[in-house]
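Sharing a model that was predicted from the sequence below.
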Amino acid sequence: MTNATSPDTYKRLLEVKGLQTYFKTDAGIVKAVDGISFTLNKGETLGIVGESGSGKSVTNLSIMRLIPSPPGKIVGGEVLFEGKDILKLSEGELRHLRGNDISMIFQDPMTSLNPFLRISTQMIETIRLHQSMSRKEALAKSIEMLKLVGIPAAEERIHSYPHQFSGGMRQRVMIGMALSCEAKILIADEPTTALDVTIQAQILELIQELSKKLDTAVILITHDLGVVAGMCDTVCVMYAGKIVEKAKTDDLYANPSHPYTYGLIQSVPRLDKAHDGKLFSIEGQPPNVIDLPPCCPFHPRCHKAMDICRTQYPPTKDLGNGHEVSCWLFIDEKEHSHE
Amino acid sequence: MSKTTEKRPLLEVKDLKQHFPIESGFIMKRQIGAVRAVDGISFTVNEGETLGIVGESGCGKSTTVRSIAQLYKPTSGSVIFDGIDLVNAPREQMLDARKNIQMIFQDPYASLDPRMTVRTIIAEPLEIYRTRGMLDASVTRDVIEKRVEELMERVGLNRAFKNRYPHEFSGGQRQRIGIARALALNPKIILADEPVSALDVSIQSQILNLLHDLQKELGLTYVFIAHDLAVIEYISTRVAVMYLGKIMELSRSSDLYKNPLHPYTKALLSAAPIPDPVIERKRQRIILTGDVPSPNKERFGCYFYDRCPYKMEKCKTNIPPMKRMDEHHEVACWLYE
């Protein structure tokens, strides 16, 4: 934020182009992520929203190249980090990238820390892996990070085991660890889903504050539309492995264009609004992503579905100001016949 | 529906305590303490209404409903359902009364036996009460069969699926099976323990609507637990806010959101995210410091003392009683003395 005048500020940090990640299963090919594109600018917070199975986690595991293979495989696309294609890096280069440039925090802070090792051991290991520091320096750095994320009496608590910390504290440790190498991108995969609301508020505020302070770009994956509204600059809405709508946060909430986005926003009960009677609801079930036909995957649940929706996937249409939507409703006849 | 002309509460919980012993020692076990999961709560639920219970994990909301259903034997206090004290009633009488109390659970994956078909799952409560001889003699196999089909249709499942197994259904559909099972005995009250928190947003609203419709049609009473304040606000007539096994505030749902009194309720409400970026940016959050303390020790002051931004000297040593602010609004806080 401080160097807003420098041309570098608006540099594209991460560019995902046509990423496709498929999983081969006995039942058929699961197109978990099927041709998605987005960019992340420096210092920006990008939200990825979607329901379970929509491919939001697979997207981020693909960016980090953490897809278990087999059965998973990145079959197409590019992931450019500062212009370099991550998908073409060697294992060694990848190790350097993970943690140093892009780091990640996971949903469940209990399973992502090793229960047998002290917090200090785990933090020192992470730091020394990426930076040339002595044990002592690394310990000092770890304590500094724990203080930064608000762990009281960090000098003593650092020698505790994970089970001695509460859920919220563990998530703080994870954030401290993830940011200890001054990564440029922090990927947070449902960081607060396992936590209570009051602790969630603490953690979100912490992520926001630190990303500003350290100028880190954040990719926030969540299913909670409330969290996105408060945290993100830009939002991608995913459904069945595709990004169906992408816009600036304000724009998305004010003018949700895709029927799925609209339905999603409408179906959340709201504290600040009086309600009478029924909630809006999207009927039906999320689709099975195995061997999906080349139609719009949302059409069986869409109240505005047309004939063409059942046979072809809609192209992406730019509605201006970076608001993109993939829906036949926004494609007029002429444009379509032109293609 | 009630036989008496005077309106009396369907369920009355009085000073309910549920402590779980902590034991130590290998051969000679001795109790070294207790987890005070529910530590003296009282409330009533009227016929046809929904009482929402909200609070963070470990505040005792699930334990409360389990104690009401007599899945645990309460440490002390009474649970009076329809005039019968379930805690002290003889087993036969308790079982008979409990026919009218059914539960819906949080996890639709864990709460259905994977080796039973949908038919057997939904029919199980009926079968159990039939073998106990507590159902009408007219309830035969065929009647049960018909009832299962009727219930499946009612909750929005195709009756042709009755011989399928739970793994063939999605999370939302499984929750519908759980609801059908809860309805099987035609209960008066349903205790719903976080029925929608494991579901996706679009499925969550379907289930909330279903529960809403069922209540209207069948005149059901709900005790509804959730940690999501917006969900609680939507479904409840009255809301109880719990913290560390105590009720902090009890009020009509609309009042609670407009005029929260207890500092904990205020913090909880301000922490709940609202899906609107314009409002979110302007909001002033009350961020509580620290975590929920351990429920293992006996407390002599306000249970919220450690995290309260308005704590006073008095709060440390005196437990605030429930104070009635108006007809429907009660709060346990020394600020409103």
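Ah, there it is.

which stretches of the chain form helices?
Went with chain A since none was named. For chain A, the helices defined by DSSP state H occupy A:56-63, A:91-100, A:119-130, A:135-148, A:154-157, A:167-179, A:197-213, A:225-231, A:249-254, A:259-266, A:333-338.

that's the wrong chain, I meant chain B
So, for chain B - with DSSP H - the helices run B:61-68, B:91-98, B:118-131, B:141-154, B:171-183, B:201-218, B:229-235, B:253-258, B:263-271, B:277-282, B:313-317.

when you scan the longest one, is anything in it near chain A?
Yes. Contact of helix B:201-218 with chain A is found when judged by C-beta under 8 Å from any C-beta of the partner chain, involving B:V201, B:S202, B:I203, B:Q204, B:S205, B:Q206, B:L208, B:N209, B:H212. Just so you know, the C-beta spots here come from the backbone N, C-alpha and C atoms, and that holds for glycine as well.

Give me the distance between the closest residue to B:D113 other than its chain neighbours and B:R132.
Among residues not flanking B:D113 along the chain, B:I121 sits closest, at 6.7 Å (C-beta to C-beta, 6 or more residues apart in numbering or on different chains). Noted for B:I121: a distance of 18 Å to B:R132, by C-beta to C-beta, to the nearest Å.

which of the two has more neighbours?
B:I121 (22 against 12; other C-beta atoms under 10 Å in any protein chain shown).

For that one, list the residues it contacts.
Going by C-beta atoms under 8 Å, 6 or more residues apart in numbering or on different chains, B:I121 touches B:L112, B:D113, B:P166, B:I177, B:R181.

Scan these and report the most crowded one.
Going by other C-beta under 10 Å, B:R181 tops those with 25 neighbours.

Excluding covalently adjacent residues, which one is nearest to that residue?
B:I122 is the one closest to B:R181 (C-beta to C-beta, 6+ apart), at 5.1 Å.

where does the one you found land on pLDDT?
We note a pLDDT of 95 for B:I122 in this prediction.

what's around it, how many residues?
27.

repeat for A:R135
11.

Hmm, it is touching A:E125, no?
No. Taking contacts as C-beta atoms under 8 Å, A:R135 lies outside contact range of A:E125: 10.0 Å.

Can you pull up the residues of the stretch 201-337 of chain B that come close to chain A?
Residues of the stretch 201-337 of chain B lying near chain A (C-beta under 8 Å from any C-beta): B:201-206, B:208-209, B:212, B:227, B:229-231, B:233-234, B:257, B:267-281, B:283, B:285, B:287-289, B:291-292.

and those residues, which are buried?
Buried members of these, counted by 16 or more other C-beta atoms under 10 Å in any protein chain shown: B:201-206, B:208-209, B:212, B:227, B:229-231, B:233-234, B:257, B:267-277, B:279-280, B:285, B:288, B:291-292.

Residue of chain A closest to chain B, please.
For chain A and chain B, the shortest gap (C-beta to the nearest C-beta) falls at A:G226, measuring 2.9 Å.

Would you tell me which residues of the stretch 51-200 of chain B are close to chain A?
So the stretch 51-200 of chain B meets chain A at B:E56, B:S57, B:S170, B:G171, B:G172, B:Q173, B:D200 (C-beta under 8 Å from any C-beta).

list the contacts for B:Q206?
Residues in contact with B:Q206 (C-beta under 8 Å, 6+ apart) are A:S281, A:I282, A:E283, B:G156, B:G172.

A:L146 too?
With C-beta under 8 Å, 6+ apart, A:L146 has these contacts: A:I119, A:M123, A:A154, A:R157, A:I158, A:R172, A:V173, A:G176.

so where's the stretch 201-339 of chain A uncertain?
Counting by pLDDT under 70, the stretch 201-339 of chain A shows low-confidence ranges at A:274-276, A:333-339.

can you give me the strands in it?
A:217-222, A:234-239, A:242-248, A:316-318, A:324-326 (DSSP state E, counting those that start in this stretch).
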